[in-house]
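Colleague: A structural model of the following input is requested.
(chains A and B)
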Protein chains: 2
Amino acid sequence: MSERPYNFSAGPAVLPPEVLQEARGALLDLDGSGIGVLEHSHRGEVFRRVLAEAEAACRALANIPEDYAVLFLQGGAATQFHMLPANFLPEDGVADYLVTGAWSKKALAEARHYGAVHIAASGAKGGFREIPGAAEIACSAAPSYVHFTSNNTIYGTQWAREPEPPESSWLACDASSDVFSRPIEIARYGLLYAGAQKNLGPAGVTLVVLRRALLQRAVRELPAMLRYALHAENNSLYNTPPAFGIYVMGRVFAWLQRQGGLAEMARRNAEKAQIVYAAMEGDFYRAVAHPNSRSHMNAVFRTPSAELDSRFVQEAEAAGLRGLRGHRSVGGMRASLYNAFPRAGCLALAEFMRDFARRAG
Amino acid sequence: MSERPYNFSAGPAVLPPEVLQEARGALLDLDGSGIGVLEHSHRGEVFRRVLAEAEAACRALANIPEDYAVLFLQGGAATQFHMLPANFLPEDGVADYLVTGAWSKKALAEARHYGAVHIAASGAKGGFREIPGAAEIACSAAPSYVHFTSNNTIYGTQWAREPEPPESSWLACDASSDVFSRPIEIARYGLLYAGAQKNLGPAGVTLVVLRRALLQRAVRELPAMLRYALHAENNSLYNTPPAFGIYVMGRVFAWLQRQGGLAEMARRNAEKAQIVYAAMEGDFYRAVAHPNSRSHMNAVFRTPSAELDSRFVQEAEAAGLRGLRGHRSVGGMRASLYNAFPRAGCLALAEFMRDFARRAG
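Modeller: Coordinates of the predicted model:
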C-alpha cells in the first residue's frame, strides 16, 4: 500500500514507521551479526547488548533512579494483576485499590486471592466517567500498597497526577495505556507496570519498574516465574525472555528520545488530544469522560444514536480512519492517540468528525 | 551479509528463511490490510484470522483430535512448570516426575509448591547421559499426572518413545526442544507444552495442547492467567496474546506442512543427526549421551580436553559455524539441529569436525 491508513486501535496499536523499518532489517541480520533478532541465543553477546541498550534507553528516557530495577517480563498487565499481590500482600494484610474502570476491577479481583482489599475510591456510581478527586479517596490505615490505573482505555479517563498513598505505604500503578506519554517521577512509585502494546512496542512484553528495596519484602514462597526478586537478580534472563519485544521496545525508547523525550511527547499528546476533543464541541458529539478527567490517550465519544455511531465507524473506515469502534462495553467511538500516533491523523479525524456532523446532524 | 552463517544455537534458534521473509512483509502490511502485524487489534478480524489459521495449521500438522484444546500462552515452559501442578495437583495428591536433566528438575521443584511429588525415575546417577528404560520407571499408585521432558537440550538426550503412565493417570510433557520434529500421537498425552523458540518460532509464545476433559478437573481457585480453562474458553484471547509470535508460529506450521509434514521432518532430522554423530566416530570426540538415548535435536560432544573444546568453538565460529559452545553446566560443544536447521550445515559441521580432529588429534 502506498499510503498507510490511520490506525486508531486501542492496542496493539500503531508503532513508529522508523522502528518498523529497523525491525525489518533486524529480522534477517541483527547489528551486522549475520543472524536475525529472533534467532540469537538470549545468552549470547549480541542479545545481551540489545537487552542492556533497552534498559539503558528506558532509564535515560524516564530518568529512572539507580535504586529501581527495570524488568522485561511476559504475560501482560493481566499477569501483574496477580504477581503484585502474590509478592506483596500478606494473608493478613490489606491492599488499597482505586477503582476507575474495568482494568482496576480485574486487578482488584486478583488481589482477593492473596489477602484483604480495601476500595479506597470508586468511580462506579458515575459510570467511571470521572477520576476521583483527592477528597474522595479514603485509604486504609496501613495498606500493603495502593494500586491505581493511570489511564482507562475503555472510558477514556486519565489521572492528571498520581494519588497520594499513606506515608507508610507505596504506589503500585498499571500504566499500560499511558506509560511514557508524559514525564513521570518514578520515585513516587513502588512498582509500575505496563504491557507494551499501546505506547511501547508489540504485545508480549511487559515493562516492570520497581524499587529494589521492595525485593526483600516478598511475603510468601512462590514459583520461580512469579518472583520479582528472581527476575531482578537474573536481569530478566531467568528464562528465555521475549527477545523480539525487548528489541522493539528498545528501539521505541530510542525513538522517543530522538523526538525530544517525555516532555516533548506530553506537549504533542496534549495538542493531538485537543485537536480531537475540539471537534466534539457543539451538540452532536458527547465525550464519555468528564472534562476534568479526559484522557490524552483515548478519546471516547458518541453521536446522538447507536445507528449514527455505526455509520460513523463504517464511513470513517472507508475514509482510511481505522479502528475507531468503541469498546464493546461502552459502545460509541474510541480514538486512541498513543505516542506513535501522528498529529496528521488527529487533524484528519477532526475534519471527518465535523463533516460527518454536518451531514448527519 | 551475502552468506548467512550456520546457526547451531540451542534456542532461540534458526528459523526458516522463507518465514523470516514473510514476517518482514507482515511487519508493514499484514495480509493486504495496510496495517502491520504488530499493530492490529487482537479483537479485529485480521488478527482473528491469523490466530484461527495458526490453530488450524497446528491441528492439521500434528493431527490433533477435536477433543484437545490448542492454546497460545505466554511465559515459556518455565510458567508451565507451575501452571500444570497449580491446575492439576491437589494438596493431598501426588504427581510423578521422570527426572532426566535440569529442566525436569525445575519442573519438579515447582510442583512441590502445590502437592507431593514422586520421582518415578531419575538419570541423576548416570549424569543424565541416558533416558530411563521402561524397567527403571516406577510410578506411584495413582499419580495426578506423570511428567516428562521429551528432549534434554543440555545433555543431548531424547526419549525414543513416550513413557507409559498408570492407567488412571495421564502424561504431561515438556516438549519445548523437540516438538513437531517427528510425528506425535497426541491422544497419548493429557497436556503437552512447548516454548516456541527452538522448533516453532520466536521466544515469547508457548504452545499448549491439552485434553478438554481435563479443563473441568482443575483442583483449586487460581488467578485468571493461571487457569487453562479460562484461556481455552477465550480461545487464547482472555488477554492480549503475543500476536507476533503466534503469527510466526502459524507460518512455521505452514512451512512444516509444505516440507512434507512431521514424518518427513523426522526423516530429515534423523539424517541430519546421523551426519553429525558419524563425525564423532573414532577416539577424538566423545558424545555425552549414551548411544541409546542420543537426541536428534541436540548433539552434545567433547574433544579430549577443555582447551581443545575452546579452540574448536573459536575456530568453528571463524568458519561460520556459530553457537556451538556447550551449556555452561556440561561444557564441550552442542550442535542444535532443530527443524529449520539445514542439512548443509550438518555436512559443514561434520567436515569441520573431521578436519579439526586431524589437525588437533
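
Colleague: now whatever residue of the stretch 51-200 of chain A ends up closest to chain B: closest residue in space, sequence neighbours ignored.
Modeller: Per CB to the nearest CB, the residue of the stretch 51-200 of chain A with the smallest distance to chain B is A:His82, at 3.5 Å. Placement of C-beta: from N, CA and C, glycine included. Computed as CB to CB, 6 or more residues apart in numbering or on different chains, the closest residue to A:His82 that is not its neighbour in sequence is B:Pro223, at 3.5 Å.

Colleague: would you map the helices across the stretch 201-350 of chain A?
Modeller: A:228-233, A:243-259, A:261-278, A:306-318, A:343-360 (DSSP state H, counting those that start in this stretch).

Colleague: so what's the gap between stretch A:88-96 and the chain middle?
Modeller: With CA atoms, centre = their mean, to the nearest Å as the basis, stretch A:88-96 stands 25 Å off its chain's centre.

Colleague: the residue nearest to A:His82: what's it in contact with?
Modeller: A:Phe81, A:His82, A:Ala86, A:Glu110, A:His113 (CB atoms under 8 Å, 6 or more residues apart in numbering or on different chains).

Colleague: coming back round to it: so which of the helices of the stretch 201-350 of chain A is nearest chain B?
Modeller: helix A:243-259 (4.9 Å).

Colleague: wait, A:Ser176 touches A:Ala77, no?
Modeller: Yes. A:Ser176 is within contact range of A:Ala77, at 4.7 Å (criterion: CB atoms under 8 Å).

Colleague: who in the stretch 151-300 of chain A is up against chain B?
Modeller: Within the stretch 151-300 of chain A, the positions adjacent to chain B are A:195, A:197, A:201-205, A:221-226, A:238-245, A:248 by CB under 8 Å from any CB of the partner chain.

Colleague: how about a cut-off of 7 Å?
Modeller: By the rule CB under 7 Å from any CB of the partner chain, the part of the stretch 151-300 of chain A lying against chain B is A:195, A:197, A:202-204, A:221, A:223-225, A:239-245.

Colleague: list just the nearest of those to B:Arg24.
Modeller: The shortest gap between B:Arg24 and any of these belongs to A:Phe244, at 12.7 Å (CB to CB).

Colleague: in helices, which of the contacts of B:Pro223 appear?
Modeller: The helices, defined by DSSP state H, take in A:Phe81, A:His82, A:Ala86, A:Glu110 from the contacts of B:Pro223.

Colleague: pull the most distant pair out of those residues.
Modeller: Applying CB to CB across these, the maximum distance is between A:Phe81 and A:Ala86, 9.8 Å.

Colleague: when these two are compared, which one has more neighbours?
Modeller: Legend: neighbour count by other CB atoms under 10 Å in any protein chain shown for A:Phe81 and A:Ala86, higher for A:Phe81 (27 against 22).

Colleague: state the distance from that one to B:Leu226.
Modeller: Distance, A:Phe81 to B:Leu226, by CB to CB, to the nearest Å: 11 Å.

Colleague: now do A:Asn63
Modeller: A:Asn63 sits 35 Å away from B:Leu226, going by CB to CB.

Colleague: look at these two and report which has more neighbours.
Modeller: Between A:Asn63 and B:Leu226, B:Leu226 has the larger neighbour count (other CB under 10 Å), namely 24 against 13.

Colleague: low-confidence ranges in chain A?
Modeller: In the predicted model, chain A carries pLDDT under 70 at residues A:1-2.
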